[in-house]
Structures are given as C-alpha cells and as structure tokens.
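1. after the sequence you'll find the predicted model.
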Amino acid sequence: MSNASFSFFTPPPEPSRADVPLAAEDAPPRSVLDDPGVLAVASREVRSAVEAVRRTDFLRSKAWVSLGDGVYKPVNESRDKRAWYAATRSHRPLVTAWDDEPMEAPNPAVHLPSDALPPASLVERMVLELGIPSGPGTRVLEVGTGSGYTAALLAHMMGPGAVTSVEINPVVAALAERRLARLHIPVRVVHGAGLDYRHDGRFERVLVTCGLRTIPHSLIRSVEPGGVLLVPFGPAFMNAQVLVRFTVAEHRRVHGRIIGPVVQDALPWSFDARHAQPAQWSPRVPTRHDAVRLPQDFMPPGFPLGLFVTGLRVRHLHGALSRGAAGQRILTLRDTDPAAREPSLAHIAVGPGRSHATVTEYGPRPLAEDVLAAYEWWRALGKPALSTFKITVTAKGTRVWLDTPAKSWPL
C-alpha cells in the first residue's frame, strides 16, 4: 500500500479475460523443446531436465493462460482436459493464483498473479544464464518456490543436496514440498523471506523467480564472490519484467546487465511488489481531457520497450497497459509519491491504427506529460536497446545508467 492517505481506482479493462479458443499458435508442440523460444544452444543436461520434468505435475487443475494486455483464457482440467493439456504444452505463461487467494473470475485490473508456471523456454533461458558448472559442489538458492517446477529442473540437473528453495507463502511452500516429495525430487524447501536468506551461508548461484521492483543489497550478500545472481526486475511504472544478470565480484557494489525481456505473466511479482500496489480512489472531475499525437511506437504490441525505459526514468509512478472496447490500448498512470498532498491519475487511450490518443487526467500532477517527456528522452538518444542499460546495487539502493556509473540515477 502507498504511504499516502489516499487511494486509487483503475476501471477494469474490457474484456478482462478471453472467451475464445486458444489460437493456432498455442497448439501444443510435439515436445517442450520444440517451443520456438527455446535456445538452440541448450546443453545436454538442460535438455534432459526439461524432457524429464513434466509441467503437468506442477499445475493445478484450474489455470489462466496469459494472452497479454490483461487478457486471460481460463482452462479447467475437469471441464476440458484437452484444452488444459494444450495449455500446459504451449509457450504461454499459466497463472495459477491471484493475490494469494483462490478466485473463480479474477479482475486483472485489480488483482496481480501471485503464482504462475513459466514456459519451459524461459526456465531453460534462466538456467543457461546461471551458467551452472558441471560436477558436484555447486549450491543453488532459488527465491520463490511457487509450484516447484523450476526447483525440480535444477535438482534434476544437479542432484541431491544442491538446491535450496525459499518461499514466503507458507501454504505455497507446503504444497510445493509435498509435490516434490511425491515425485522424489531432492529439493530443500524453506518457508521464509528469500530476499534476506542467510541461514545456510552463501551460494554459488542464486535464482530469483519472482519479479522485483528494486533489488535489495541483502540479496547480493547471499552470493559467493565470483557467483552469479539472476533477477527478474521491473520498475513500478510497468507490469513488465527483464532478466538482469549480476556477477558478484565483491559485495559492496555490484553491476548487472539486462539480458532481455520476460514474457508477461511468466513470473509472478514478489510479495512486496504485489502489496505495494496503490489501492482505490474514485476520481470525479478531470483536470485535462484532450487529444495528443503519439509516436508510432509508443504502445506497440508485445514487450513495451520504450515504456519500460520510461519507467526507469520517472519516479513515483505506476502504470499498466490494458485493452479497452473496440481494440483500444489504454495506459493507466497513477502517482505513487508518498509526499503528494493530492492524488493524480491519468488514462492514455489509443485506438487501432490511430496516431492520436485521448488523454484524461485527474489531480495536480501532469502524469501524461511526465511520461511523454521521458519517452522523448529515450527517442532522442536513438532508442538504446535494453542491453545497453546497466543496474548497480549498493547498500544505499538501486541505480540505473547508460554510459558510465557516474551518470546513474536512482530508481
């Protein structure tokens, strides 16, 4: 929750879930390794683990296939087993819980996924980026057990005693522990806060499987010098994540590089990130309502690169993309500055093929103007790619930079 005394409300997108069959592109591949996202350079150990560990063993009977932009397709094993199995074999993420609560029809404008089964291609990418050495002796810490699927793949590769997985939700931890035990997969599951886990010394590899808004320095201290930390990260501005890889040379200051984007909803947000969402506020009279011309690539389909970079530049701002009526794409902006005396909210809505958007703002802060200015900053630099941005973590916080750490700015 925000520290401010007011709260926010975002109108739910329309539709909030898809009542259409899975598209042809979601048909199950012959093998999860036929998934177009899986890297061709996969090692023999990774391929063996992905083929041996079945996703169906880690999926609840009811799930939601993420189709992007806040649209979800529910699948239920008891009602349509064929569609359920097709979903488990697709390259789409599967959401299995919302805000730690069982729900029949969640509203994605209000609720955030608290558990998800990532596509095998993403898990394989993460395992490859960890660079796990062959042979015994390497220990891996997973932060965010979830269903236990990723921990099972790691344990299949590394053997008994190598994998410790920490889960903050006691119910989720207990379910994963029972599931792994039933499958005879040797993983130590611990209920606790993984972002500050120090009970078993340091680990050569640390993999975070939930999205973080900021990277705590305590997490760096969990890694052995020379070890690797892999984190899904996303600023509070967008519900989009990238993978960041840190090689920990020493623990005072660590620089990480962005590897690439994570498919939306493939990994749930951390407990802290989900519970930091602004709450409800019902705006009445807009302070601005007009049309503005947008850059053609402002709200592209797929990963919103420019908006993600904008989120790295603008502080105290929460944003979310959704679909509206008649194919509109809507960017909802909310002021999260705890020092603000009044709340501010904005909607930027653009129809298919349109170059002009309707901007509606409430409150004193010109949110749309702040976002468009940061977006133009990125365009003026030649639209630098994600891989050119670096992230530095110190005891004082997380900072982002392009050319040199001396020109960094705080998140």
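-> Yep, that arrived.

2. which stretches of the protein form helices?
-> Secondary structure of the chain (DSSP state H): helices at 44-52, 81-89, 120-130, 149-158, 170-182, 217-220, 271-275, 305-313, 367-380.

3. where among these is the average confidence lowest?
-> Among the helices of the chain, helix 271-275 carries the lowest mean pLDDT, at a mean of 57.

4. what's the pLDDT at the residue in the chain sticking out farthest from the centre?
-> Distance from the C-alpha centroid of the chain peaks at residue 285, with 33.8 Å (CA atoms, centre = their mean). We have a pLDDT of 72 for residue 285.

5. return the most buried member of the helices of the chain.
-> helix 149-158 (a mean of 25; mean count of other CB atoms under 10 Å). Heads up, the C-betas are built off the backbone N, CA and C, glycines and all.

6. okay, angle between that helix and helix 120-130 too, please.
-> 50 degrees (axes from the mean of the first three to the mean of the last three CA atoms, to 10 degrees).

7. one step back: out of the helices of the chain, the one nearest residue 395 is which?
-> Among the helices of the chain, helix 217-220 comes nearest to residue 395, with 4.7 Å by CB to CB.

8. elements contacting that closest one?
-> Counting by 3 or more CB pairs under 8 Å, 6 or more residues apart in numbering; DSSP states H and E, the packing neighbours recorded for helix 217-220 are strand 223-233, strand 390-394.

9. in CSV, list those along with mean pLDDT and distance to residue 290.
-> CSV is the format used below for these (pLDDT from 0 to 100; distance: least, CB to CB, whole Å):
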stretch, mean pLDDT, distance to residue 290
strand 223-233, 92, 35
strand 390-394, 92, 36
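
10. redo the ones you listed as JSON lines? Include distance to residue 317 and mean neighbour count.
-> As requested, these are exported to JSON lines (distance: least, CB to CB, whole Å; neighbours: other CB atoms under 10 Å):
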{"stretch": "strand 223-233", "distance to residue 317": "16", "mean neighbour count": "20"}
{"stretch": "strand 390-394", "distance to residue 317": "18", "mean neighbour count": "19"}
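
11. and those: which comes nearest residue 403?
-> strand 390-394 (9.3 Å).

12. quick one: strands adjacent to the closest one?
-> strand 253-262 (antiparallel), strand 397-401 (antiparallel) (DSSP bridges).

13. residue 130: which of those is closest?
-> Of all these, it is strand 253-262 that lies closest to residue 130, at 11.2 Å by CB to CB.

14. show me where pLDDT drops low in the stretch 51-200 of the chain?
-> For the stretch 51-200 of the chain, the stretches with pLDDT under 70 are 69, 100-110, 134-135.

15. rebuild the strands paired with strand 390-394 as JSON lines, extending it with distance to residue 167 and mean neighbour count.
-> Below are those laid out as JSON lines (distance: least, CB to CB, whole Å; neighbours: other CB under 10 Å):
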{"stretch": "strand 253-262", "distance to residue 167": "20", "mean neighbour count": "18"}
{"stretch": "strand 397-401", "distance to residue 167": "23", "mean neighbour count": "17"}
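
16. run through the bridge partners of the nearest residue to the residue farthest from the centre of the chain once chain neighbours are set aside.
-> Here the nearest residue to residue 285 in space, its sequence neighbours aside, is residue 362; by CB to CB, 6 or more residues apart in numbering that works out to 7.6 Å. Taking DSSP bridges, one obtains residue 345 as the residues bridged to residue 362.

17. test my guess that residue 362 contacts residue 289.
-> No - Residue 362 is beyond contact range of residue 289, at 9.8 Å (criterion: CB atoms under 8 Å).

18. neighbour count winner among those two?
-> Set residue 362 next to residue 289 and count neighbours by other CB atoms under 10 Å: residue 362 wins out with 24 against 12.

19. pLDDT at the more buried one, what is it?
-> Note on residue 362: pLDDT of 91.

20. from residue 161, how far out is the closest residue to residue 250 other than its chain neighbours?
-> Excluding the flanking residues, the one nearest residue 250 by CB to CB, 6+ apart is residue 225, at 6.4 Å. The gap separating residue 225 from residue 161 is 22 Å, by CB to CB, to the nearest Å.

21. just residue 382 next, same as before
-> Distance, residue 382 to residue 161, using CB to CB: 49 Å.

22. more neighbours, these two?
-> Taking neighbours as other CB under 10 Å, residue 382 and residue 161 compare with residue 161 leading, 12 against 8.

23. hang on, that one packs against residue 155?
-> No - taking CB under 8 Å as the definition, residue 161 is not a contact partner of residue 155, at 9.4 Å.

24. mind listing the shared neighbours of those two?
-> residue 186 (CB atoms under 8 Å, 6 or more residues apart in numbering).

25. switch the helices and strands packed on helix 217-220 over to a markdown table; also include distance to residue 194.
-> Output for the helices and strands packed on helix 217-220, formatted as a markdown table (distance: least, CB to CB, whole Å):
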| stretch | distance to residue 194 |
| --- | --- |
| strand 223-233 | 11 |
| strand 390-394 | 16 |
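
26. ok, the residue nearest to residue 285 to residue 173 distance?
-> 41 Å.

27. before we move on, what about residue 54?
-> Taking CB to CB, one finds residue 54 at 21 Å from residue 173.
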